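1. Let me see the structure of the following:
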Amino acid sequence: GRNVVTASRDGTVKFWNIEGHFNTVTSIAFGPNDPGGADGRILATGSSDRTARIWDLVDGQPRLRHTLRGHTDQVHRLAFDPSGTRLATAGLDNQLRLWDVASGRQIPLPAVPKEHVHKDQLRGVAFSRDGRLLASAGADGYARLYALGGDVVRPVSVVHGGPTVQVSGVAFHPQRDQWATSGYDGKLQLWDFSGKSLGTITVPEDERQLGVRFANLVFSPDGAHVAAVVQRRVRVWPVGAFTHPDEAPPVRLPIIADARYCTAIAYSPDSRWLAVGCSDAGVRLFEMPAGKLVKTITVHKNEVRGVAFSPGGSLLATASNDKHFHVSPLAFEAVYTAAKRLQALTADK
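-> This is a model prediction of the structure:
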């Protein structure tokens, strides 16, 4: 039941995979491993076709578990909670939705006052390390924290840089009760859970004059660094730079010359690798903390919109404008073998 074959008067027979997305795959995330389970058993994808999908990986091949429908525009970002039982999706329809991973049913979010509802596209979503808080980032200039459970709850709302500054990403510190936002004003901001500002990181002056804006941010799993991507540049700061910027200069990774811009970024679970997805269909893999470019992985035909490492770090998942997503083994010999196999299939077609 996963495929349809059509025959036409134009003389063609076509074989269609009806499980896959019908438009750009915008985001991708691995769920946590089951106790004692193999690495990377469950995966979620979001798409411009207005759906999110949950997949089981069986012998390296995705098998559709659920198609999640309800958004009326692109599903821009998604995130699993730490237990792997819930999935949050953020859409360009201004909506934040929560789903039960086992059943695929939508979970009602706590009601919030109207003044704390996003008025523009959602650009980011994240769970706190204990799964009790859900954060969202919006193009309306606000980022918000929602306490999950209970009745009407007044969220914590912060203004990143003013109502005209889009908030492009949100992330929780993996070890502290802190969260951070990135924005189109070239700044990263750190907050506590009450919404108090704890510090700001600003793009260096020589780059700020170019009108740069952060597309996304991520904390390293060891909690030591925060990384952000801006156009073709990736910058990595010690977390202490939020409060003492002059004492903690960024690591400037090499400019990604072949791409016009990059928007996807992810750390490996051991904080050793930083993956960056770009407009030229390539994923750059940097060895950290030195920031040395180690590999460029190209399995897509169009812009890479999302990247994610499996919980054990053995797999890298990528989502693309070419309407596909790939799961690649990070043992490089296996990556090359998979790439050759894909090239052979393309040649046959």
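2. Helices of the stretch 151-300 of the chain, start to end?
-> 205-208 (DSSP state H, counting those that start in this stretch).
3. which residues of the stretch 101-250 of the chain fall in strands?
-> Counting by DSSP state E, counting those that start in this stretch, the stretch 101-250 of the chain has strands at residues 106-107, 122-127, 133-138, 142-147, 156-159, 167-172, 178-183, 187-192, 197-202, 216-219, 225-230, 233-238.
4. Tell me which of those strands lies nearest to Phe80.
-> If you check each of these against Phe80 by Cβ to Cβ, strand 122-127 wins as the nearest, at 7.4 Å. No exception for glycine: its C-beta is placed from N, CA and C like everyone else's.
5. Contacts for the closest one next, please.
-> Applying Cβ atoms under 8 Å, 6 or more residues apart in numbering, the contact partners of strand 122-127 are 76-82, 88-92, 94-96, 133-139, 143, 166-172, 179, 181, 216.
6. cutoff 6 Å now
-> Strand 122-127 has contacts (Cβ atoms under 6 Å, 6 or more residues apart in numbering) with 77, 79, 81, 88, 90-91, 134-139, 168-172.
7. Walk me through which strands it pairs with, and which way each runs.
-> Note on strand 122-127: by DSSP bridges, its sheet partners are strand 133-138 (antiparallel).
8. ok, residues contacting the strand it pairs with?
-> Contacts to strand 133-138, defined as Cβ under 6 Å, 6+ apart, come from residues 88, 90, 96, 118, 120, 122-127, 143-146, 148, 167, 169-170, 179, 181.
9. Need the buried ones from those residues selected in PyMOL.
-> Applied in PyMOL, the following selects the buried portion of these according to 16 or more other Cβ atoms under 10 Å:
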select buried, resi 88+90+96+118+122+123+124+125+126+127+143+144+145+146+148+167+169+170+179+181
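10. would you list the strands of the stretch 101-250 of the chain in CSV and tack on mean pLDDT and distance to His66?
-> What follows is these, written out as CSV (pLDDT from 0 to 100; distance: least, Cβ to Cβ, whole Å):
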stretch, mean pLDDT, distance to His66
strand 106-107, 96, 11
strand 122-127, 96, 18
strand 133-138, 95, 20
strand 142-147, 94, 23
strand 156-159, 91, 31
strand 167-172, 96, 25
strand 178-183, 96, 28
strand 187-192, 96, 33
strand 197-202, 94, 38
strand 216-219, 96, 26
strand 225-230, 93, 30
strand 233-238, 92, 34
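11. how about those strands, which one is nearest Thr6?
-> So among the strands of the stretch 101-250 of the chain, strand 106-107 is nearest, using Cβ to Cβ, at 32.5 Å.
12. What residues sit buried inside stretch 263-272?
-> Neighbour-count burial for stretch 263-272 flags Thr263, Ala264, Ile265, Ala266, Tyr267, Ser268, Pro269, Ser271 (criterion: 16+ other Cβ under 10 Å).
13. Closest one to Phe325 out of the residues you listed, please.
-> Looking across those and measuring by Cβ to Cβ, the closest to Phe325 is Ala264, at 11.8 Å.
14. so the closest one sits right up against Phe309, yeah?
-> No. Assessed by Cβ atoms under 6 Å, Ala264 is found out of contact with Phe309, at 11.9 Å.
15. thinking again about what came up before, out of the contacts of strand 122-127, which are buried?
-> Buried, going by 16+ other Cβ under 10 Å: 77, 79, 81, 88, 90-91, 134-139, 168-172, out of the contacts of strand 122-127.
16. Contacts only, for Thr318.
-> Thr318 is in contact with Val283, Val304, Val307, His326, counting by Cβ under 6 Å, 6+ apart.
17. Closest one to Asp59 out of these, please.
-> For those, the residue nearest Asp59 by Cβ to Cβ is His326; the value is 15.3 Å.
18. What strands flank the helix or strand containing that closest one, and is each parallel or antiparallel?
-> Assigning secondary structure by DSSP states H and E places His326 in strand 325-329. Strand pairing for strand 325-329, determined by DSSP bridges: strand 315-320 (antiparallel).
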